[in-house]
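Colleague: below are the sequence and a predicted model; questions follow.
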Amino acid sequence: MPHDLVVSKLQANPEYTRQFAAAFPGEDISIQTFAKAIAAFERTLTFTASPFDAWLAGDEDAISATAKRGFMVFNGKGRCAECHSGWNFTDDSFHDIGLKSEDQGRYAILQIDALKHAFKTPGLRNIRERAPYMHDGSLPTLASVIDHYNDGFVHRETLSDLIKPLGLTKVEKQSLSPSWRP
Ligand code: HEC
């Protein structure tokens, strides 16, 4: 979205006007305060003192047995770590994961055919707190994200080679997302 459009949309929204005034006293809603707000939000996503980190550091009791099985599926049969890799669970790259959206993604900027429908891999820390999911908010829950990757994606030329039907069992889906229900 062009900068001036973002700013005018925010300025027209009474709730944002109130919250910006509270967060940035004496400053207008501008592309600068907008960038500061996004940056403050992003800093909340880089928290690394979670039970998962304690487990990685060697505390076997820090997470549940289900969570440990979920991490095995994440790295193995689920193929998630092919793209969501590293401490922040992202390869910082761009992929078409087969969402139904018509949005052209990175292609709109670079005009490279292979980048049609490609979006940046988001990090997954604190993901439970951030519904709805994907660039367009089209997946309401983590359970629906699991169903998407299992067999819910659109097949098209630009679909990433790393996206394939997973054939996950109920137990495997629940280990990835305890809220998953058949
Ligand atoms: C081919 C690379 C790739 C693989 C494999 C992959 N992802 Fe993703 N993931 C992405 C990309 C790219 C996005 C962002 C798509 C968008 O917004 O259009 C994403 C988005 C997500 C989101 C939403 C994040 C948000 O902030 O909205 C979740 C949750 C997620 N993936 C979990 C998983 C899980 C769980 C698996 C394994 C079952 C997995 N991913 C496999 C690339 C991948």
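Modeller: Ah, there it is. On a predicted model such as this, the values are computed, not experimentally measured, just so you know.

Colleague: contact partners for P51?
Modeller: By C-beta atoms under 8 Å, 6 or more residues apart in numbering, the residues touching P51 are A62, I63. Heads up, the C-betas are built off the backbone N, CA and C, glycines and all.

Colleague: kindly state the pLDDT recorded for it?
Modeller: pLDDT, P51: 93.

Colleague: one more: H148?
Modeller: Looking at H148, its pLDDT stands at 98.

Colleague: doesn't it lie inside a strand?
Modeller: No: under DSSP: H, G, I helix; E, B strand; the rest coil, H148 falls outside any strand and is assigned helix.

Colleague: and the strands in the protein, which stretches?
Modeller: Along the chain, counting by DSSP state E, strands occupy 94-95, 119-120.

Colleague: hey, which of the ones you listed is tucked in deepest?
Modeller: strand 94-95 (a mean of 20; mean count of other C-beta atoms under 10 Å).

Colleague: so what secondary structure elements neighbour that one?
Modeller: Helices and strands touching strand 94-95, by 3 or more C-beta pairs under 8 Å, 6 or more residues apart in numbering; DSSP states H and E, are strand 119-120.

Colleague: and the strand it packs on, is it in reach of the ligand?
Modeller: Yes: against the ligand, strand 119-120 shows contacts by C-beta under 6 Å from any ligand atom at F119.

Colleague: which neighbouring elements make contact with that strand?
Modeller: If you count contacts as 3+ C-beta pairs under 8 Å, 6+ apart, strand 119-120 packs onto strand 94-95.

Colleague: contacts for the strand it packs on next, please.
Modeller: Applying C-beta under 8 Å, 6+ apart, the contact partners of strand 94-95 are C83, G105, R106, L115, A118, F119, K120, T121, S160, L162, I163.

Colleague: what is the burial count for Q104?
Modeller: Number of residues near Q104 (other C-beta atoms under 10 Å) recorded here: 14.

Colleague: filter the contacts of strand 94-95 down to the buried ones, ChimeraX style.
Modeller: Only the buried entries of these go into this ChimeraX selection, using 16 or more other C-beta atoms under 10 Å:
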select :83,105,106,115,118,119,121,160,163
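
Colleague: would JSON lines of the contacts of strand 94-95 with pLDDT and distance to I127 be doable?
Modeller: Shown next, in JSON lines, are the contacts of strand 94-95 (pLDDT from 0 to 100; distance: C-beta to C-beta, whole Å):
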{"residue": "C83", "pLDDT": "98", "distance to I127": "14"}
{"residue": "G105", "pLDDT": "95", "distance to I127": "20"}
{"residue": "R106", "pLDDT": "94", "distance to I127": "22"}
{"residue": "L115", "pLDDT": "94", "distance to I127": "25"}
{"residue": "A118", "pLDDT": "97", "distance to I127": "20"}
{"residue": "F119", "pLDDT": "97", "distance to I127": "16"}
{"residue": "K120", "pLDDT": "96", "distance to I127": "15"}
{"residue": "T121", "pLDDT": "97", "distance to I127": "12"}
{"residue": "S160", "pLDDT": "97", "distance to I127": "20"}
{"residue": "L162", "pLDDT": "96", "distance to I127": "19"}
{"residue": "I163", "pLDDT": "97", "distance to I127": "19"}
